[in-house]
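Peer 1: sequence first, predicted model second:
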Amino acid sequence: MTHRRAVATMLLVTLLWSIAGVVTRHLDTAGSFELTFWRSAANAVALALLLGWQRGFGPLWQQVRHGGRVLWLSGLCWTVMFTSFMVALTLTTVANVLITMSLAPLFTALISRVVLGQRLPGRTWAAIVVAGIGVAWMYGSQVGGGTGRDALGTLVALSVPIAGATMWTLLQLNARTAAGPAADGPRDMTPAVLIGAVLSSVLTLPLSLPFQASASDIGWLSMLGVVQLAIPCVLAVAAGKVLRAPEASLLGLLEIIFGVAWTWLGTTESPAPAVLGGGGLVLAALIANEAVALRRGPAPAKACA
């Protein structure tokens with residue numbers, strides 16, 4: 001995959017990721033952990049069928065069983081992201097969750113600098129700052145009044161960008177380790193998404209009982225598990241082999257912009273001027289960063305002094 005195709009792939013990924021908010025607004029009776037269970041369970045089934053059909057169920061099991069520490073650590077990151085995002089949405093406002101998620105590029109930059117020793121281009125740092133300002137502008141006026149439930153929801157949401165940043169860095173670490181003279185190529189990290197889906201559904205099952213979701217809710221959540229999780233997460237892993245960790249995380253902020261658009265089209269809500277202005281800043285930062293990257297081509301990572 002070329003850098004240009006990896007960027008295009010991440011744009012599609014964020015578009016698919018962004019539909020979760022508007023869909024959950026149309027659910028009837030499902031509770032917080034039950035939301036996560038049905039979505040993760042459908043994601044796990046879809047991934048198992050897709051990956052098993054592609055490579056055979058026997059080889060897939062062997063990849064999961066002998067995947068190594070990096071694969072399972074990445075799977076745990078996916079577990080946290082799959083679970084915490086939906087739970088946080090039931091505890092606090094969407095604005096609080098999205099503002100917290102906007103910290104992902106900063107966490108990714110810091111973790112990749114410590115773990116991988118990468119010096120980040122000035123344009124990436126500038127884009128992270130501008131995008132963060134844009135997201136804060138978009139939702140700053142909508143943040144809740146600071147109740148205990150809001151605080152708990154924000155803490156739960158904080159685990160999403162931390163886990164995402166760790167996952168992107170693990171992808172880069174996997175690629176770098178496999179580039180050594182004695183290596184036989186990078187390990188396939190796609191089964192980590194399956195591990196995350198299975199663990200998320202197993203962990204939330206006992207907390208979901210007794211089930212209260214209607215048949216309509218289960219249908220919507222199953223759709224999310226396939227279209228909003230299984231397909232884009234596999235694509236994200238493929239793009240992560242090409243994009244630098246901070247760059248991929250920064251592109252992931254487009255989920256917020258697309259999420260606002262879906263909400264505008266699918267509900268009675270309409271974005272305020274601050275949302276439009278902040279969204280413009282985020283888009284401008286992303287476009288500028290990617291334009292420079294495409295013109296200069298991929299630059300080798302520099303070690304920290």
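Peer 2: Arrived safely, thanks for sending. Numbering: from 1, shown residues only.
Peer 1: which residues of the protein score low on pLDDT?
Peer 2: Low-confidence segments of the chain, defined by pLDDT under 70, span residues 95, 139-147, 177-186, 245-246, 268-272, 275, 293-305.
Peer 1: what strand or helix carries the residue positioned nearest the centre of it?
Peer 2: Closest to where the C-alpha atoms of the chain average out (CA atoms, centre = their mean) is Gly164, at 5.9 Å. Gly164 belongs to helix 148-177 when assigned by DSSP states H and E.
Peer 1: ok and the helix or strand following that helix relative to helix 148-177, angle-wise?
Peer 2: Beyond helix 148-177 on the C-terminal side, the first helix or strand identified by DSSP H and E is helix 191-208. Orientation of helix 191-208 against helix 148-177 (axes from the mean of the first three to the mean of the last three CA atoms, to 10 degrees) gives an angle of 160 degrees.
Peer 1: could you point out which element follows helix 191-208?
Peer 2: helix 215-223.
Peer 1: what's the helix or strand just after that next one in contact with?
Peer 2: Per DSSP H and E, the first helix or strand lying C-terminal to helix 215-223 is helix 231-240. Helix 231-240 has contacts (CB atoms under 8 Å, 6 or more residues apart in numbering) with 1, 6-7, 9-10, 12-14, 16-17, 43, 46-47, 50, 78, 168, 171-172, 189-190, 192-193, 248. Glycine gets a C-beta too; all of them are placed from N, C-alpha and C.
Peer 1: ok, the residue nearest to Gly21 when sequence neighbours are not counted - how many residues close by?
Peer 2: The shortest distance from Gly21 to any non-neighbouring residue, by CB to CB, 6 or more residues apart in numbering, is to Gly259 (5.0 Å). The tally of other residues near Gly259 (other CB atoms under 10 Å) stands at 20.
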